[in-house]
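Visitor: Have a look at this prediction, sequence included:
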Amino acid sequence: MASRQRFGLADLIGITIALTGLSIWAGFPNQLADMKFMALGVGGAVVIPIAALRIYRYSKSPQGRYRLSLFWLMQTAAAVFILWTVLSLALSDAPWQNGAAGALGRNVGAFALIAAVGLFMASATLAPWEIRRTINYVLAIAAVEVFAGLLQFLGFPLTTGLPTPAGEVVGTLGLPEVATAYYALLILLLLGRVFGAGESAFQRSAGSILSIVLIIFMVRLGSLPGQIALIVGIGVITYIYVFNKFTFDRWRRLGVSLGGLVVGWVVSGALILWALPKLITPAQETQLDLLEYWSTGWNTIAGLPIFGTGPDSLRRYAGEFQSDSLVGLLGAEVKTDDARNIFLTLGANLGVIAMLCAIVIVIGSAVLAIRRAMLGFGDSSPAHFSPADSNSGDSVAVLNSVSLLASVTAALVAFITVSLLSIMSLATLSLGLCVAGLALSLSLPRDEKIEIELSKSERAMQTARRKQLGKDHLEEKRKPIEPSQIIATVVGVVLVVVFLAVGRGYLDAAGLGSARLDPVAAREVMTNPLSPCDVRNSIARATISGLPNADAIEPVRAAVELDPRCGFLIHFQSELAINTADWELAAESTEQGIEFDPLLPAAWVLRGYYFLGVGDTAGAQEALAAGEAAAALTGQDEAAASQLASLKDRIASMAP
């Protein structure tokens with residue numbers, strides 16, 4: 001039996017979400033994201049086998065065979081999501097080396113997604129006292145974020161080479177949009193400690209102070225998705241508290257439940273509709289229509305419904321699936337890597353099956369948690385087996401009280417709100433899926449009678465029971481190790497080693513992006529499968545472009561074969577092929593260029609020069625017309641206008 005004093009799965013989950021949220025490292029290429037990626041990957045590799053072992057043991061018990069179909073449904077959805085992520089990584093046309101690490105996006109690649117869903121699966125197996133233990137780490141996360149934010153407010157940057165605007169309190173998250181979303185989840189989880197029964201004065205005081213400071217930070221940052229999520233979450237907490245404060249009969253309880261849900265959805269919908277035209281992207285100080293990002297996600301899902309673009313590889317297809325309006329707002333050369341909706345982003349990256357599994361995991365857990373709140377806390381609940389601690393005898397009167405369920409449910413609803421309005425980040429995704437698992441665990445009915453307060457006799461009985469559990473634990477330690485434990489340990493070690501090997505290779509290659517390399521070293525980076533697309537583009541511009549055309553074309557051609565959708569390279573190859581009169585390569589390369597970037601004027605200009613090279617003036621004129629139409633979408637682009645004018649003059653000079 002699990003002892004409260006032992007370091008266990010609850011602590012591993014807490015440490016993983018803490019390091020994923022807080023880690024920054026100046027020595028990594030991406031100081032804000034790379035260390036988070038490593039922390040989440042290693043933590044997930046350790047947690048997943050332990051969670052699988054718990055679930056396996058539960059499946060062998062009589063209770064696991066015949067009860068909790070909802071628990072199995074959610075865990076099955078999580079397992080299918082992991083399987084589909086692996087299939088997308090293997091069967092989509094995105095290079096697996098980059099898809100594994102998320103090199104084209106925000107490091108939310110296959111490894112990170114599997115680890116984050118593993119946190120959900122593990123959190124769903126926790127007993128209530130373990131849930132409380134995991135949430136203890138949230139208090140530490142909030143304290144560190146407040147300290148980091150105060151340092152930034154005072155003008156002390158946390159990163160090198162990435163200056164934070166004076167007074168911007170983004171903590172360790174980097175972007176205001178990500179920071180406000182993350183702060184909202186932290187605040188809602190802290191409120192469970194502030195108002196929970198039986199909490200110490202220190203926890204109440206610390207939770208109150210940290211919550212107030214984080215709210216001030218959110219107001220200063222001014223990012224609406226996180227602010228809306230916090231408002232919705234506080235509404236959920238208030239509703240659950242008020243609902244459980246009074247005793248209703250069955251029909252009144254049903255009426256209040258349905259009425260509360262309707263009001264909640266109406267208010268939430270009104271907030272979202274009010275915020276849509278006001279949402280501002282961090283990249284551009286202009287108001288953008290969120291629906292244009294959503295349409296890019298839908299277009300990608302419709303075009304690649306089975307396995308998507310590959311994990312965190314939306315940018316590879318953005319030129320093909322971005323709407324005309326979004327191209328006009330961002331510019332033809334800017335490729336979005338996120339649909340600003342986590343579910344649409346997952347669907348675009350991994351396919352429809354993975355998107356549906358994510359919806360089942362997150363929305364399903366929220367529905368079950370709200371349903372559990374509607375049952376109230378005054379009656380005996382149906383029999384239920386806790387996967388983590390079936391016979392502990394711990395009363396959940398305090399641990400599974402209104403405050404705990406209300407704060408976890410509110411944080412999950414806030415995560416859903418943010419998921420619909422904001423970008424996908426490692427910190428928010430890992431914490432949000434962990435909260436979904438906690439909500440699933442709390443929503444399942446338990447054996448014990450749920451009460452708000454414990455009597456002295458009950459506390460004495462619990463103390464005696466825990467002493468007996470301690471003796472039972474000593475006897476358990478003498479039992480031989482089970483084969484399943486050995487298998488779980490081996491799998492965990494293998495996962496950690498594989499992740500560290502691929503992750504280290506990716507980081508080493510990514511670190512060369514800003515280096516000044518000699519031609520030999522530059523060729524090695526260009527042809528290294530682990531080199532991210534952005535690094536190849538950077539090396540091509542900095543070093544390869546300075547070589548003679550005949551020397552430059554081979555490494556560029558090799559890099560394009562590794563990833564033909566690596567932005568700048570396909571157009572660079574087209575330019576080199578035209579300059580060296582390699583018309584066969586130019587035909588293939590320019591055709592791919594306009595397929596991948598149909599709204600990029602430069603792609604049509606290169607296609608026009610290819611047609612001129614092979615004597616097809618009519619084809620060049622068609623390419624010129626398509627390029628002018630694409631340029632009209634983006635407005636004033638002097639470079640595009642100059643390129644199109646040069647092509648037009650060249651066509652005129654060759655006219656009979």
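Guide: Received it, and whenever you're ready, just let me know what you need.

Visitor: Pretty sure Phe307 sits in a strand.
Guide: No - assessed with DSSP: H, G, I helix; E, B strand; the rest coil, Phe307 is coil; it does not lie in a strand.

Visitor: Pull the number of nearby residues for it.
Guide: Phe307 is flanked by 23 other residues according to other CB atoms under 10 Å. Every residue, glycine included, has its C-beta placed from N, CA and C.

Visitor: Does it touch Gly351 like I think?
Guide: Yes - between Phe307 and Gly351 there is a contact under CB atoms under 8 Å: 4.8 Å.

Visitor: Mind jotting down where the strands sit in the protein?
Guide: Using DSSP state E, no strands are assigned anywhere in the chain.

Visitor: Which secondary structure element of it has the lowest mean pLDDT?
Guide: helix 62-66 (a mean of 50; mean pLDDT, DSSP states H and E).

Visitor: my guess is Leu326 meets Tyr293, correct?
Guide: Yes - the pair Leu326 / Tyr293 is scored as a contact, 6.8 Å apart, by CB under 8 Å.

Visitor: intersection of neighbour lists for the two?
Guide: Taking CB atoms under 8 Å, 6 or more residues apart in numbering as the contact rule, Leu326 and Tyr293 both touch Thr336.

Visitor: Neighbour count for the two, which is higher?
Guide: Counted by other CB under 10 Å, Leu326 and Tyr293 do not tie: Tyr293 has more neighbours, with 25 against 22.

Visitor: So the more buried one sits against Leu330, correct?
Guide: No - with contacts counted by CB under 8 Å, Tyr293 stays clear of Leu330, the gap being 9.9 Å.

Visitor: shared neighbours of these two, which are they?
Guide: Thr336.

Visitor: residue contacts, the residue lying closest to Val138 once chain neighbours are set aside?
Guide: The shortest distance from Val138 to any non-neighbouring residue, by CB to CB, 6 or more residues apart in numbering, is to Leu189 (4.7 Å). By CB under 8 Å, 6+ apart, the contact list for Leu189 reads Ile135, Val138, Ser407, Val408, Ala411, Val435.

Visitor: And the nearest residue to Ala558 once chain neighbours are set aside, how far from Gln203?
Guide: Excluding its sequence neighbours, the residue lying closest to Ala558 (CB to CB, 6+ apart) is Thr527, at 4.7 Å. For Thr527, the distance to Gln203 equals 55 Å [CB to CB, to the nearest Å].

Visitor: How about Ala641?
Guide: Separation of Ala641 from Gln203 (CB to CB): 63 Å.

Visitor: who has more neighbours, those two?
Guide: The neighbour comparison of Ala641 against Gln203 (other CB under 10 Å) goes to Gln203, with 16 against 13.

Visitor: thinking the more buried one is in contact with Val138, fair?
Guide: No - Gln203 lies out of contact with Val138 (CB under 8 Å); the separation is 11.2 Å.

Visitor: so what sits against both of these two?
Guide: With CB under 8 Å, 6+ apart, Gln203 and Val138 have no common neighbours.

Visitor: from memory Gln592 sits against Cys566, does it?
Guide: No - using CB under 8 Å as the test, Gln592 is too far from Cys566 to be in contact (11.2 Å).

Visitor: who's more crowded, the two?
Guide: Cys566 (25 against 18).

Visitor: Which pLDDT value does the model give the more buried one?
Guide: Model confidence at Cys566, given as pLDDT, is 79.

Visitor: Then Phe7?
Guide: At Phe7, pLDDT is 78.

Visitor: before we move on, what about the one 3 residues further on?
Guide: Per-residue confidence for Ala10 comes out at a pLDDT of 89.

Visitor: Report the contact partners of it.
Guide: Residues counted as contacts of Ala10 (CB under 8 Å, 6+ apart) are Leu126, Glu130, Ile131, Arg133, Thr134.

Visitor: Distance to Ser425, neighbour count and pLDDT added to these, as CSV?
Guide: Shown next, in CSV, are the contacts of Ala10 (distance: CB to CB, whole Å; neighbours: other CB atoms under 10 Å; pLDDT from 0 to 100):
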residue, distance to Ser425, neighbour count, pLDDT
Leu126, 24, 29, 87
Glu130, 26, 25, 84
Ile131, 24, 25, 86
Arg133, 25, 20, 86
Thr134, 20, 26, 90
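
Visitor: what about the residue nearest to Ala51 when sequence neighbours are not counted, distance to Gln573?
Guide: Spatial nearest neighbour of Ala51, excluding adjacent residues (CB to CB, 6+ apart): Ala122 at 3.6 Å. Remark: distance between Ala122 and Gln573 (CB to CB) = 46 Å.

Visitor: likewise Phe307?
Guide: With CB to CB as the criterion, Phe307 and Gln573 are 26 Å apart.

Visitor: Which ones among the contacts of Ala10 map onto helices?
Guide: Glu130, Ile131, Arg133, Thr134 (DSSP state H).

Visitor: If we ignore the residues flanking it in sequence, what's nearest the second one?
Guide: Same thing as Ile131. Closest to Ile131 by CB to CB, 6+ apart is Leu438, at 5.2 Å.

Visitor: I am assuming that neighbour contacts Ser123, so please confirm or correct that.
Guide: Yes - using CB under 8 Å, Leu438 is in contact with Ser123, at 5.0 Å.

Visitor: Those two - which one has more neighbours?
Guide: A direct count of neighbours by other CB under 10 Å for Leu438 and Ser123 places Leu438 higher, at 32 against 28.
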